[in-house]
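>>> got a structure for you, letters missing:
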């Protein structure tokens, strides 16, 4: 399909120079550029938190023996019950 585009002079000069240096027609360079811009973004790798645990992971949890109200009291003292 033919179409007319208004392209910045410097950008067009660069595209023509690239086409000449690579031995390809300007049309192919423009089509490749459009394909690059229009392709869906690559999926971002899923972020995983680094393992920053301290101590022995096989040791029993020292907080397991407390109920939530007891833990809250240990953390906040009197201010956690108001």
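Good, I have the coordinates. Remember, predicted model here, so these are calculated numbers, not experimental data.
>>> residue contacts, residue 15?
By Cβ atoms under 8 Å, 6 or more residues apart in numbering, residue 15 lies in contact with 7, 26, 29, 30, 33. From N, CA and C alone the C-beta is placed, and that goes for glycine too.
>>> which of those are buried?
Taking 16 or more other Cβ atoms under 10 Å as the criterion, what is buried in those is residue 29.
>>> What distance do you get for residue 16 to residue 24?
As judged by Cβ to Cβ, to the nearest Å, residue 16 and residue 24 stand 11 Å apart.
>>> can you tell me how far residue 11 sits from residue 26?
12 Å.
>>> nope, residue 4 is what I was after
Residue 4 is 14 Å from residue 26, by Cβ to Cβ.
>>> same check, this time on residue 54
61 Å.
>>> With residue 40 instead?
Distance, residue 40 to residue 26, by Cβ to Cβ: 26 Å.
>>> Same question for residue 59.
Relative to residue 26, and taking Cβ to Cβ, residue 59 is found at 68 Å.
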